[in-house]
Each structure stands twice: as structure tokens, then as C-alpha cells.
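> sequence plus predicted model, see below.
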Amino acid sequence: MSTTPAHRLVQSEKVSIALPDERRRGLLKVPGLFALGSLAVLSLGESMPAWAQTHSGSTKDDINILNVALGLEYQAIAAYQVGAESGLLQKPVLDTAVKFQNHHKAHAQVLAGTVSKLGGSPVMAKKPSEYSFPTGQLKTQADVLRFAAGLEKGATAAYLGVLPNFYNRDLTKAAGSILGDEAMHWAVLLHALGDDPVPGAFVG
């Protein structure tokens, strides 16, 4: 399988990871690791136009969007690895974290395979150390869970935004399936923290 360097993830034509201005500003007002987790999604992109707002007009654009989504999944895999190796997670929570990581690995496998089938080159995963994770602030199990919940919320919002924009409409169903899993992860993590697992009537 041919690949492109991971840093190309943020240079895909017409595509970059960033949430809409108002959502980004809202996250910046939220203190703590939850906000850092959501904002970590933005660290894969450099320009403000949201990748989730990119309307695909070709298979090439779809490949670019899928590769950015693949980068999000690699980021989640790395984050759960950091959490698992932190020594902060108790056995039942650790088991759940590993399960969620396996879900993200499955997402990544499907996304990479789809990129290849469409004639593109899947991006490569980064090493955990290459991400700007706030490892120095992870002191307790709750810290790890709150950061992971923020990541899952950010990913949920990103997938939600991209659903209407695929050129190949068959990709919408697959992205929607992943969106549902990200949202379930977010809810489970909030519940584990003692927070309301379904804080609103709408996701976004």
C-alpha cells in the first residue's frame, strides 16, 4: 500500500481540519482537559476554513476528506495508547479504553481501504509523541477520561459536519456509522466521569 507523509494530511487540496470559527471560540472558553481534547482535533489542520464545510466536487476531494478523517482516527488511536500506558486507568476503565481504541483501528482500516479503492494513497499514522497531547496534565484517571471525551466530542462534530458534503453519496452512510460510534464513546466517557452522558437534544 503506497502512502504519503503524515504531514501531507494538513496540506490536502481544499481540506484542513478546523472547526467553524464560532465553535472554536466556544471551545476556547471551556477550561480544562475536555476543551484541550476537542481542540486537539484542530491541531491536525492549520487554516480556519473547516474541512467539514468543504463541499466535495470530485472523487479527488472525497479522497482528501477521507484522508483527513483517517488522520483523526490515527490521532484517537495514539491518544488511547497514551492513556493505556499512563498507569492511571483502573482495570475496568482500561478495558473500555482498549475497546474504544480497537474501534478506532477498525475505522482507520475501513477509511484507508476506501481511499485505496478510490485510487488515492492513505496517509500514514504519526507516532504518539508527534501529537500535542497534554501528557503533563494527565495526573488522574479522570484527567485521562476528560481528555478522551473531548477528543471524541471533537471527532463527532467533525464527522457530523462532513456528512452532507461527499461527492460519492455512498460514503455518507459509512461516515454516519463512524459518527454514531464516536458519539457513543463520548457518552460513555461522560457517564464514567459522572457527567450527563447526553447533555443536549442535538449533537454539534
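Happy to help now that I have it.
> so L72 sits against A155, correct?
Yes: counting by Cβ atoms under 8 Å, A155 is a contact partner of L72 at 5.4 Å. Every C-beta, even on glycine, is put in place using the N, C-alpha and C of the backbone.
> for stretch 141-160, buried residues please.
141, 143-160 (16 or more other Cβ atoms under 10 Å).
> just checking, which of those belong to helices?
141, 143-160 (DSSP state H).
> which regions of the chain sit below the pLDDT cut-off?
Scanning the chain for pLDDT under 70 picks out the ranges 1-55, 204.
> if we go to 50?
Across the chain, the ranges flagged by pLDDT under 50 are 1-31, 37, 44-50.
> all helices for it, in order.
Under DSSP H, the chain gives helices at 21-28, 33-40, 59-85, 91-117, 141-162, 170-192.
> okay, these, which one's buried deepest?
helix 141-162 (a mean of 24; mean count of other Cβ atoms under 10 Å).
> quick one: it to helix 91-117, angle?
30 degrees (axes from the mean of the first three to the mean of the last three Cα atoms, to 10 degrees).
> make 55 the starting number, not 1.
Fine by me, first position is 55 from now on; the one you just mentioned is helix 195-216.
> show me what helix 195-216 is packed against.
Under the contact definition 3 or more Cβ pairs under 8 Å, 6 or more residues apart in numbering; DSSP states H and E, helix 195-216 sits against helix 87-94, helix 113-139, helix 145-171, helix 224-246.
> which one, of these, ends up nearest to V257?
helix 224-246 (5.9 Å; Cβ to Cβ).
> that closest one vs helix 113-139, what angle?
Counting by the same axes, to 10 degrees, helix 224-246 lies at 20 degrees to helix 113-139.
> name the residues that touch helix 224-246?
With contacts defined as Cβ atoms under 8 Å, 6 or more residues apart in numbering, helix 224-246 is touched by 116, 120, 123, 147, 150, 154, 157, 161, 164, 168, 199-200, 202-203, 206-207, 209-210, 213-214, 216-218, 220, 250-253, 257.
> cool, thanks, talk later.
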